[in-house]
Every structure is written in structure tokens, then in C-alpha cells.
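1. Structure for this input, please:
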Amino acid sequence: MPLSRESVLENKVEVFAAMTLYTYPDFWRSYPVLIAAQYSGLQLKVISGPPEFEPQSGCRTDHFLAKFPFGKVPAFEGENGFHICESNAIAHYVGTDALRGIGPKDSALVQQWVSYADGAIIPAVANWVYPTLGASAYNKQASEKAQADLQGALSFLNEHLQTRTFLVGERVSLADITLVCALLLLYKQVLDPSLREPFSNVTRWFCSCVHQPQFSAVLGKVKLCEKAAQYKVKDVEAPKKKEQKTEEEEEADTTEEAMAAEPKTEDPFAALPNSPFVLDEFKRQYSNEDPQTVALPHFWEHFDRDGWSLWYAEYKYPGELGEVLLSSNLIAGMFQRLEGLRKNSFASMAVFGKDGDGSISGVWLFRGQQLAFELCDDWKVDYGSYSWRKLDPDSEESKTLIKEYLCWEGEFKHVGKPFNQGKIFK
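-> Have a look, this model is predicted:
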């Protein structure tokens, strides 16, 4: 009796080797498939060259065309000889039910955003970005129209994400995966800080997604553009070779150039001397033991005042906070964008008050004596929305703050509103 797709994905690890993705090396249209596979736990075998096809010439073999008569990549070969091509269709197949949308309404909304990415985003990105990489000829009229179209699309997205963490529901879906991949080159190549400024909600969402481990496993470290690239004049000496390339190969070359230009990541804390305070041990104590009677005494007994620093944070714009749930989501989004900071920090952030009359504040522990957000551009997305004050670990005020925020109980006299809920960054 043939295995169902669900049985293969959930229980038959040995069948994974039979699931193969054919694609060009670092081809951005394959990214949604690979990210969806990360969420489903599906390990795809990736073939990106001979004998199936030759990436440099775009020549597909008879063997490849017999399986995939469309002659397009990415292409997928599954169990029992199942063959399918087109990125969105493959991502839909290898993804989970949660990624596809729970229920007919969410599923339809996911498909809406996938179609929106293909129709409204990708063509405009190509007309604006590809000429800056020398991958296509610059056309002033087409480029200006693309920029105007994308500004409209980003404004629409920005409004939609005003009160949402993700595009559909409360979790990442194929809508987020597809749209992030469609916007990837835009954010890496031309959307500099001044151009991103009107679309802060979109940038928050984009950064939140690319910092998810399933995204970073495929995309690596995504560095946002600091200065918008200008168009390049294409090489006119050998136009025939370029004209022979397929659309997919042009896009693959574009992605390879952009990815190769990224600098290697360095540890911002590497230069600091060793510290006797073991953060992971404290986190274990805090997670598994009573905070007040075990974790806090452990913290103060082992805290290294020279190697670590304590900070108080307060949200600058409490008048803009609406529902408590949205304030909580604001904290959660910040935490998601700080994934790379977890090994060297700990925090307890809290929401106070009620809907329409709330505030956000908390305490942070950082490796070193500097405010850690300033060490890496990726960590600066949210910290400017908070005021920061370094705490004296020997003062009674600091000890009271640490106790109240870690235990989520106390008078919180400095706030003036009752504690509502909290979140821990660890």
C-alpha cells in the first residue's frame, strides 16, 4: 500500500533521500522551497548541475526533460515518481499545514499574498534591482515606474502590518516566506535607511522573518542595504552570450553577486575578556527553579560586575500603545529580531496597565559594559524606541528592579500602573 505524503514527511526518514530539488546554485526562487522544508523538517537532496543540466549554458538533458517537460527549475521529484515544478507549488507541497494556512480562510489569504508577491513585487524588483547588478539593461522609464510601484506596494504592506506580526495569523506562513524572498534583493541592494524609513512596519516584519532560524539556515546573515546601489552599464562587447541565458540564470547570477558581496560575520563580543559568570547556568536556574528563592540568590552570588552590565529600558511612546495584546506582540517581535544576542544577554520585559492606557519597561543583562545593541546593525531595529539607563548593581534601587521584573511581582512604584504580563528573553 503506497505511503501517504504525511507518513513520508513525519515517519519515514529513509525516504527523504528520494526527495530531490533540482535548481541552480543559490537561485533565489528555490529559497521559499528550502525554507518551507526547514519548517517541515524535510531534508531535500539538492542537485544543481550535471548530469541533469548544465547551469552555465542552461542546457537540460533528455533525462531531465523526461521528468520535467516544462524545462524549468526549481523542479521537485518526490516519492513514487511524483514530479512538480514552479517554486510556489513546491513550497506548498513540502510545507506544513500551518504554513499553508489553517482552515480555508487562512489558506486563501496565504495564496492571496503568494500571488501578490509574484504579480506586484517580483517584476518591479527586477526592473529596479537587476540593472544595479549589471544583470539587465537600465531603462530609466521602467526603473522609475518600478520604484513608484514598489513604494505603493510597501505602503500597503506597511499599513497591513501596523497591528500584525506576520501576514496571516500569528505564525510564519508561506505568505511571509514567499514575500520575504521576493523582497530580499530589494532590501540588500537598494532600499537604504532613508528609503526604508517610511516603511518601518515592513522592515520590522522582514527582519523578524529573516532572523528566524529556518530562514537563516537558508539565507544566512541578511545585511540590509546601507547605500542604494546605482545601475551599471552592461557589457556591450559580448551581448550574444548574455542573450542566450535564460531568465532563471540571469536571476541566479544576480543572487550570486549579491550574496558574494556580503561581509563575513564577526562576534562583537570576541574581544572581551573571559568572565566567571556563566549566563547559561543562571538561565537554567531561572527556568527550572523558583526565581525568588533560588535563581535570584544564584544571580547575585555569581554576578560579575566587571564583565557584565545591567540596564533599565522604558518604551518612549506609551501614548501610541493600544491593546495590551499588541504591546505584548511588540516585545515578542523585538525578541525575535535579537536572536544573535541570546548567548550574551538576558531580559525581562513587562506590559503594565490596560488597553489604551499601558506602558512597557524592563531590565536587561548584557555582556560587557556597553549597550549591546550598538555593536551590531541588525540589533538596532527596535532599541531606538526605548530609553536606556545603566543600573548600579550595588544600589538598592537596582536590586529592587531586578527582583520585581524577574519575579513579575512587587509594587513597581516607578511605573505607576499595575503589572499586566511579561516576556523573558533568554
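2. For residue 93, pull up the helix or strand it's in.
-> Under DSSP states H and E, the secondary-structure element containing residue 93 is helix 87-94.
3. Give me the buried stretch members for that helix, please.
-> Judged by neighbour count using 16 or more other Cβ atoms under 10 Å, the buried positions of helix 87-94 are 87, 88, 90, 91, 92, 93, 94. For the C-beta atoms, the positions are set from N, CA and C on the backbone; glycine is no exception.
4. Surely the fifth one touches residue 100?
-> Yes - in this structure, residue 92 sits in contact with residue 100. The criterion is Cβ atoms under 8 Å, and the distance is 6.2 Å.
5. any common contacting residues for those two?
-> Residues touching both residue 92 and residue 100 by Cβ atoms under 8 Å, 6 or more residues apart in numbering: residue 174.
6. mind listing the strands for the stretch 201-350 of the chain?
-> Per DSSP state E, counting those that start in this stretch, the stretch 201-350 of the chain carries strands over the ranges 308-315, 345-354.
7. Next, count neighbours for residue 318.
-> Applying other Cβ atoms under 10 Å, we find 16 other residues in the vicinity of residue 318.
8. got the contact list for it?
-> Counting by Cβ under 8 Å, 6+ apart, residue 318 has contacts 358, 359, 360.
9. Please confirm that the last one is located within a strand.
-> Put plainly, it is residue 360. Yes - applying DSSP: H, G, I helix; E, B strand; the rest coil, one finds residue 360 inside a strand.
10. Spatially nearest residue to it (excluding sequence neighbours)?
-> The shortest distance from residue 360 to any non-neighbouring residue, by Cβ to Cβ, 6 or more residues apart in numbering, is to residue 315 (3.8 Å).
11. In this structure the one you found contacts residue 321, no?
-> Yes - using Cβ under 8 Å, residue 315 is in contact with residue 321, at 7.3 Å.
12. Please state the offset of the longest helix along the chain from the chain centre?
-> Ranked by number of residues, the top helix in the chain under DSSP state H is helix 140-160. Put simply, helix 140-160 sits 22 Å off its chain's centre (Cα atoms, centre = their mean, to the nearest Å).
13. Next SSE downstream of it?
-> In the C-terminal direction from helix 140-160 (assignment by DSSP H and E), the next one is helix 174-189.
14. distance between that next one and the chain's centre?
-> For helix 174-189, the distance from its own C-alpha centre to the chain's C-alpha centre is 10 Å (Cα atoms, centre = their mean).
15. what does stretch 385-401 give?
-> That offset, for stretch 385-401, works out to 31 Å (Cα atoms, centre = their mean).
16. Now that stretch: average pLDDT?
-> Across stretch 385-401, the average pLDDT comes to 93.
17. got the contact list for it?
-> In this structure, residues lying in contact with stretch 385-401 by Cβ under 8 Å, 6+ apart are 300, 303, 305, 309-317, 363, 371, 410, 414.
18. looking at the sheet around residue 363, what are its partners?
-> When bridges are taken as DSSP bridges, the partners of residue 363 come out as residue 312, residue 348.
19. what's the burial count for residue 78?
-> What residue 78 shows, counting by other Cβ under 10 Å, is a neighbour count of 20.
20. I'd guessed it sits against residue 19; true?
-> Yes - using Cβ under 8 Å as the test, residue 78 is close enough to residue 19 to be in contact (5.3 Å).
21. State the pLDDT value of residue 41.
-> Listed pLDDT for residue 41 reads 88.
22. Using CSV, list the CA coordinates for stretch 336-345.
-> Output of stretch 336-345 as CSV, limited to C-alpha atoms (Å, rounded to 0.1, in the frame of the first residue of the first chain):
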residue,chain,number,x,y,z
GLN,A,336,12.7,37.6,17.6
ARG,A,337,14.9,40.2,15.9
LEU,A,338,17.6,39.7,18.5
GLU,A,339,18.3,36.0,18.0
GLY,A,340,22.0,36.6,17.7
LEU,A,341,22.2,38.3,21.0
ARG,A,342,20.8,35.5,23.2
LYS,A,343,24.2,34.0,24.1
ASN,A,344,25.3,37.2,25.7
SER,A,345,22.2,38.7,27.2
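23. Quick check: buried residues in it?
-> Buried residues in stretch 336-345, counting neighbours by 16+ other Cβ under 10 Å, are found at 336, 337, 338, 339, 340, 341, 344, 345.
24. from those residues, which is closest to residue 114?
-> Distance from residue 114 was checked for each of the buried residues of stretch 336-345 by Cβ to Cβ. The minimum falls on residue 336, at 22.2 Å.
25. Against residue 207, how distant is that closest one?
-> For residue 336, the distance to residue 207 under the criterion Cβ to Cβ, to the nearest Å works out to 8 Å.
26. where in the stretch 151-300 of the chain is pLDDT low?
-> When residues are selected by pLDDT under 70, those of the stretch 151-300 of the chain lie in 232-266.
27. Could you pull out the helices in it for me?
-> Counting by DSSP state H, counting those that start in this stretch, the stretch 151-300 of the chain has helices at residues 174-189, 193-196, 200-210, 213-219, 239-243, 247-260, 279-288, 296-302.
28. Pull out the buried residues from the second one.
-> It stands for helix 193-196. Within helix 193-196, the residues that qualify as buried by neighbour count (16+ other Cβ under 10 Å) are 195, 196.
29. which residues are in contact with that helix?
-> Surrounding helix 193-196, the residues in contact under the criterion Cβ under 8 Å, 6+ apart are 187, 202, 203, 224, 226, 228.
30. Now which of the residues you listed would you call buried?
-> Using 16+ other Cβ under 10 Å as the threshold, 187, 202, 203, 224 are the buried ones among these.
31. can you tell me which two in these are farthest apart?
-> Based on Cβ to Cβ, the longest span within these runs between 202 and 224 and measures 11.9 Å.
32. which secondary structure elements does the helix holding residue 93 contact?
-> Secondary-structure packing of helix 87-94 (3 or more Cβ pairs under 8 Å, 6 or more residues apart in numbering; DSSP states H and E): helix 31-40, strand 75-77, helix 174-189.
33. ok so, going back, quick check: the gap between the residue nearest to residue 360 and residue 411.
-> As for residue 315, its distance to residue 411 is 20 Å (criterion: Cβ to Cβ).
34. Which one's more surrounded, these two?
-> Between residue 315 and residue 411, counting by other Cβ under 10 Å, residue 315 is the more crowded of the two (21 against 9).
35. In terms of pLDDT, where does the more buried one sit?
-> At residue 315, pLDDT is 93.
36. hmm, back to that, any chance of the contacts of helix 193-196 in JSON lines, with distance to residue 65 too?
-> Formatted as JSON lines, the contacts of helix 193-196 follow (distance: Cβ to Cβ, whole Å):
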{"residue": "187", "distance to residue 65": "36"}
{"residue": "202", "distance to residue 65": "40"}
{"residue": "203", "distance to residue 65": "42"}
{"residue": "224", "distance to residue 65": "40"}
{"residue": "226", "distance to residue 65": "44"}
{"residue": "228", "distance to residue 65": "41"}
